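Q: Could you work out the structure for the sequence below:
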Amino acid sequence: MKRLLLIIPFLALFVMGCVGTGCSKDADCQGWQYCDSKEGVCKPKKGFCDSDVQCKEEDQLKVCDLESNRCVFEEGRCREDSDCESWQVCDRENYCRAAPGFCDNDAQCNRPFEVCDDEVHRCVTAPGFCQSDLDCNSWESCNLDTKRCEPLEGRCNVDRDCESWQVCNNQTNYCVPKKGFCINDGDCEEWQYCDQASRKCKVRTGFCERDNQCDPWEYCSEERVCVPQRGRCNVDEDCGWWQICDSNNYCKAKTGFCDDDSDCVYGEVCNQQTKRCQ
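A: Residues are numbered from 1 along each chain as shown. I've put the predicted structure just below:
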């Protein structure tokens, strides 16, 4: 307790020096103060302050900034343009306002197309809107009526930007055909063409996709062409060298030749090498 009682007077002297009392020379005061030797207290030097009262005596719009101990204008108040930010002017009511061509809130811009940029204090295009094609992506143009970026013809951002038979490729922003649909022949197989009415790949003339697209005696080959079934034909060349193609599209042995023993007279057999009865 005795130790505490000894410390208290020293603390009191320290506090008194901080608040502007108990000095005998300037060195006892803060850098922005001088020592009034008559009163023995620290007071603000000329141009400095330690309370709003001292500032109000100079200008009713000023207060004391306790960090710099200087009189400054109340926030947003002024006497002339130089008292404001570089992008502001001082109005008749002594308030700093945005100068022509500048802004300090969104309401001063062309809403909803523009907002006030807090860094440059100018109206800029609002997110999602545009003023010219320069505000859009390379595959878009600016609709000057709606102030919205819209995809160019054939380009897209989402599927609904495309035709009903297309989807949007999110990497290229081009509309591409859905599976099973086409824009042109290049989207189809070599044996197909793109039907512009249905946007479907269809079989080209002379080709096939299924057996039922061929004549009854044919089937659809891996090459997507109709070819005769075994023993059937369309022309003589579809048959063996000893055969001809008959009117029913069957390969039959030429006169003097045979396919099997049934083509020979009783007692003869069909030589499978020469294709003759013997």
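
Q: alpha carbons only for contacts and neighbour counts from here, please
A: Will do.

Q: Domain map for this structure?
A: With domains defined by automatic domain parsing, the chain comprises 33-74, 81-151, 207-278.

Q: Export the ones you listed to JSON lines and append columns for mean pLDDT and mean neighbour count.
A: What follows is these, written out as JSON lines (pLDDT from 0 to 100; neighbours: other Cα atoms under 10 Å):
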{"stretch": "domain 33-74", "mean pLDDT": "92", "mean neighbour count": "17"}
{"stretch": "domain 81-151", "mean pLDDT": "95", "mean neighbour count": "17"}
{"stretch": "domain 207-278", "mean pLDDT": "95", "mean neighbour count": "16"}
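
Q: a markdown table for those, including distance to Cys168?
A: Written out in a markdown table, the entries for these read as follows (distance: least, Cα to Cα, whole Å):
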| stretch | distance to Cys168 |
| --- | --- |
| domain 33-74 | 56 |
| domain 81-151 | 11 |
| domain 207-278 | 29 |
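
Q: wait, which of those domains is closest to Gln192?
A: Distances from Gln192 to each of the domains of the chain were compared by Cα to Cα, and the smallest falls on domain 207-278, at 7.9 Å.

Q: Could you tell me the end-to-end distance of the closest one?
A: With Cα to Cα, to the nearest Å applied, domain 207-278 spans 43 Å between its terminal residues.

Q: Which one of the domains of the chain lies nearest to Asp159?
A: Shortest separation from Asp159 across the domains of the chain is recorded for domain 81-151, at 11.5 Å, computed as Cα to Cα.

Q: Tell me how far that closest one lies from the chain's centre.
A: Offset of domain 81-151 from its chain centre (Cα atoms, centre = their mean, to the nearest Å): 22 Å.

Q: ranges for the strands of the stretch 151-278 of the chain?
A: 166-169, 174-177, 192-195, 200-203, 218-220, 226-228, 243-245, 251-253, 270-271, 276-277 (DSSP state E, counting those that start in this stretch).

Q: want to throw the ones you listed into CSV with distance to Asp59?
A: Formatted as CSV, the strands of the stretch 151-278 of the chain follow (distance: least, Cα to Cα, whole Å):
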stretch, distance to Asp59
strand 166-169, 66
strand 174-177, 66
strand 192-195, 84
strand 200-203, 83
strand 218-220, 101
strand 226-228, 103
strand 243-245, 119
strand 251-253, 120
strand 270-271, 132
strand 276-277, 132
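
Q: can you tell which of the ones you listed is closest to Val235?
A: Of all the strands of the stretch 151-278 of the chain, strand 243-245 sits nearest to Val235, with 5.6 Å by Cα to Cα.

Q: And the contacts of the closest one?
A: With Cα atoms under 8 Å, 6 or more residues apart in numbering as the contact definition, strand 243-245 has outside contacts at 232-239, 251-254, 257.

Q: mind listing what that strand pairs with, with the direction of each?
A: Strand 243-245 has these partner strands in its sheet, going by DSSP bridges: strand 251-253 (antiparallel).

Q: residues making contact with the partner strand?
A: Residues outside strand 251-253 that contact it (Cα under 8 Å, 6+ apart): 231-233, 236, 238-240, 242-246, 259.

Q: now do 6 Å
A: Outside strand 251-253, the residues within contact range by Cα atoms under 6 Å, 6 or more residues apart in numbering are Gly231, Arg232, Cys239, Trp242, Gln243, Ile244, Cys245, Asp259.

Q: go on, stretch 185-203?
A: Contacts of stretch 185-203 (Cα under 6 Å, 6+ apart): Phe181, Cys182, Asn184, Arg204.
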